[in-house]
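# need coordinates for the below:
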Amino acid sequence: MARRSPSPSGRRYRTPTGAELLFVAFSQRYERGSTIVTSNLPFDEWTSVFGSERLTGALLDSLTDHAHILEMNGESYRLADSKARRRKAASAGSTTPPDIIDPDKLRSVKT
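Here you go, the predicted model:
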């Protein structure tokens, strides 16, 4: 079984196989279509996620070729929105965090 290590963001575990599969997916898209990638890590920290300097270098080389890189620094809109929703729910006396969706309520919504 592959050794698992947590990603720096703490969101997921990355396995060597997972990093290789992601590399294959990006390689197949290379110069065939547009791909949008978002990350909260600078490029120099990607090796800690993918585990291999060689794999990370090859991935970044193909991703940044013909790329438009938008670096956004500042406050996270998702974090600010989440905090606002939690404050609103707390002031309304709700005991259920607003990020939890009741599946029964989803079924009643018509699209």
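
# could you find the closest non-adjacent residue to V37?
What sits nearest to V37 in space, not counting adjacent residues and going by C-beta to C-beta, 6 or more residues apart in numbering, is L63, at 6.4 Å. Heads up, the C-betas are built off the backbone N, CA and C, glycines and all.

# can you classify the one you found by secondary structure?
For L63, the assignment made with DSSP: H, G, I helix; E, B strand; the rest coil gives helix.

# so it touches A25, yeah?
No - in this structure, L63 is not within contact of A25 by C-beta atoms under 8 Å, at 11.4 Å.

# neighbour-wise, which of the two wins?
Neighbours were counted for L63 and for A25 using other C-beta atoms under 10 Å; L63 has more, 17 against 11.

# now that one: how far from G57?
11 Å (C-beta to C-beta, to the nearest Å).

# could you do A67 as well?
Counting by C-beta to C-beta, the gap from A67 to G57 is 15 Å.

# looking at those two, which one has more neighbours?
Comparing A67 with G57 by other C-beta under 10 Å, the one with more neighbours is G57, at 14 against 11.

# A helix includes that one, no?
Yes - per three-state DSSP, G57 lies within a helix segment.

# run through this protein and note the low-pLDDT ranges.
Applying pLDDT under 70 to the chain flags residues 1-16, 94-111.

# what do you get if the cut-off is 80, keeping everything else the same?
Low-confidence segments of the chain (pLDDT under 80): 1-19, 75, 93-111.

# residue ranges for the strands of it, please.
Assigned by DSSP state E, the strands in the chain fall at 5-6, 13-14.

# buried residues in stretch 76-91, which are they?
Within stretch 76-91, no residue is scored as buried using 16 or more other C-beta atoms under 10 Å.

# next one: stretch 22-41
For stretch 22-41, a neighbour-count test (16+ other C-beta under 10 Å) marks F23, F26 as buried.

# what's the end-to-end length of it?
Distance across stretch 22-41, first residue to last, is 17 Å (C-alpha to C-alpha, to the nearest Å).
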